[in-house]
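J.: this one's structure only:
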């Protein structure tokens, strides 16, 4: 049995930086993990990933030392259990709008008597162990607040027992608030909403996380006190790197490659 290093890091007040997998590739997940991210999230909500692709990606991430996380497609007890049984040490639950929905998510992550997770830790027994009480203390339940409705219920959601933290979905939050995506993090209503969520989360002693579009934005949120910050997705990072290197090759713009660079590194 191992301890959940991500939980340990967050409980010590440290910042955890993460990568995000939307492509169904264990190799991509492994690359993200080995580059130094503290966690790598396998996205089964919007990513091109189903269960048969998810669990080999969890294997790949675990081998790098990064903590494997799964964003489940929906707030359903069976999905939470399947992700945790496959070896996820934390789950991100999308579209949690009320305290009742937060209670459902928290219960699905824990065994009785505090939850309703069914016992059958297929891969997880060799990771966080097989003792229900010990596992209950190790796993992380992170709920997403990403709608105007959830914003209105933010204090109730954050005070829900068993919810370890909140992960803000800035894009859906912007859409729900009527903010154009180009104005995420800029429009006052969006900035104020994020600040309110963070304040409610911290007031209840919950971890606070957010999705970002890259390193500079991620750093800005770290400086604002966010503990769990996703730096970018595999697809986004791949596109950005391709554009940069292609521009360097075609137009002579500044790139990261050098004359002696290893083409396979």
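T.: Looks like it arrived, so ask away. Note that the structure is predicted; figures quoted are calculated from it, not measured.

J.: can we go C-alpha only for contacts and neighbour counts from here?
T.: Will do.

J.: which non-adjacent residue is nearest residue 5?
T.: residue 67 (6.7 Å; CA to CA, 6 or more residues apart in numbering).

J.: Check residue 187 too.
T.: residue 179 (7.1 Å).

J.: The one you found and residue 172, how far apart?
T.: 10 Å (CA to CA, to the nearest Å).

J.: Which positions in the helix or strand where residue 174 lies come out as buried?
T.: Per DSSP states H and E: residue 174 is located in helix 170-176. Residues of helix 170-176 classed as buried by neighbour count (16 or more other CA atoms under 10 Å): 170, 171, 172, 173, 174, 175.

J.: could I get those as CSV with distance to residue 36?
T.: Supplementary listing: the buried residues of helix 170-176 in CSV, determined by distance: CA to CA, whole Å:
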residue, distance to residue 36
170, 24
171, 26
172, 28
173, 29
174, 30
175, 32
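
J.: And stretch 126-140, what's buried?
T.: 127, 128, 129, 130, 132, 135, 136, 138, 139, 140.

J.: and the fifth one, what does it touch?
T.: This means residue 132. Contact analysis of residue 132 by CA atoms under 8 Å, 6 or more residues apart in numbering lists residue 111.

J.: Tell me how far it lies from residue 104.
T.: As defined by CA to CA, residue 132 lies at a distance of 18 Å from residue 104.

J.: what stretches of the stretch 101-250 of the chain score poorly on pLDDT?
T.: Along the stretch 101-250 of the chain, no part satisfies pLDDT under 70.

J.: got the residue ranges for the helices in it?
T.: 132-138, 148-152, 154-158, 170-176, 188-203, 215-223, 234-251 (DSSP state H, counting those that start in this stretch).

J.: Noted, bye for now.
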